[in-house]
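A.B. asks: quick one: sequence and predicted model below, then my questions.
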Amino acid sequence: MDSEYKLSSYEKGFVTKERGNDFRVEQDVQHYKDYAASMREKDKYMTGARETTFRPFCIIPDVVAIDLKVRYGIDVHANEFLNNPETKAKFAHIMRTEFPELLTSAAANLTNTGGGNGIIIT
């Protein structure tokens with residue numbers, strides 16, 4: 001199937017492939033995964049500050065943000081995103097189940113993603 005797509009551009013880390021009116025966007029996200037792993041490792045040693053320090057929940061590569069918008073209608077760049085507890089809970093579930101390698105801290109295990117002391121997304 002991949003051979004059916006024609007490479008149309010490579011810009012700013014994205015590979016865009018076309019097939020008629022269909023397209024695919026690819027991005028190497030290994031450095032994002034490596035960063036998230038290093039943050040999770042550091043988080044193991046933050047036991048005293050865990051309850052009082054804001055930490056990022058995950059890191060979101062552009063290609064994942066596009067996927068979230070296309071498949072789930074979640075726009076992580078929208079101003080209202082962080083103000084909607086249902087959308088944040090849905091987002092947190094998707095990140096935990098489909099993109100666990102992009103989680104950056106033990107905060108990924110939190111179930112309270114509602115308002116107030118919500119999650120920080122990087």
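C.D. replies: Looks like it came in fine.

A.B. asks: what is the helix or strand encompassing Ala92 packed up against?
C.D. replies: For Ala92, the host element (DSSP states H and E) is helix 85-98. The helices and strands touching helix 85-98, judged by 3 or more C-beta pairs under 8 Å, 6 or more residues apart in numbering; DSSP states H and E, are strand 56-58, helix 62-72. In short, each C-beta sits where N, CA and C put it, glycine included.

A.B. asks: if we go to 6 Å?
C.D. replies: Contacting helix 85-98 under the criterion 3 or more C-beta pairs under 6 Å, 6 or more residues apart in numbering; DSSP states H and E is no other helix or strand.

A.B. asks: helix 62-72 and that one, what's the angle between them?
C.D. replies: If you take axes from the mean of the first three to the mean of the last three C-alpha atoms, to 10 degrees, helix 85-98 sits at 120 degrees to helix 62-72.

A.B. asks: may I have helix 85-98 as CSV, with CA atoms only?
C.D. replies: Extracted in CSV, the C-alpha atoms of helix 85-98 (Å, rounded to 0.1, in the frame of the first residue of the first chain):
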residue,chain,number,x,y,z
PRO,A,85,-13.3,18.3,31.3
GLU,A,86,-14.9,15.7,29.0
THR,A,87,-12.5,16.4,26.1
LYS,A,88,-9.5,16.3,28.5
ALA,A,89,-10.6,13.0,29.9
LYS,A,90,-11.1,11.6,26.4
PHE,A,91,-7.7,12.9,25.4
ALA,A,92,-6.0,11.5,28.5
HIS,A,93,-7.5,8.1,27.8
ILE,A,94,-6.4,8.2,24.1
MET,A,95,-2.9,9.2,25.1
ARG,A,96,-2.6,6.4,27.7
THR,A,97,-4.0,3.7,25.4
GLU,A,98,-2.7,4.6,22.0
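
A.B. asks: can you pull the buried residues of that helix?
C.D. replies: 87-88, 90-92, 94-95 (16 or more other C-beta atoms under 10 Å).

A.B. asks: nearest to Lys42 among the residues you listed?
C.D. replies: Met95 (18.8 Å; C-beta to C-beta).

A.B. asks: can you tell me the closest non-neighbouring residue to the closest one?
C.D. replies: Distances taken as C-beta to C-beta, 6 or more residues apart in numbering place Cys58 nearest to Met95, at 5.1 Å, with adjacent residues excluded.
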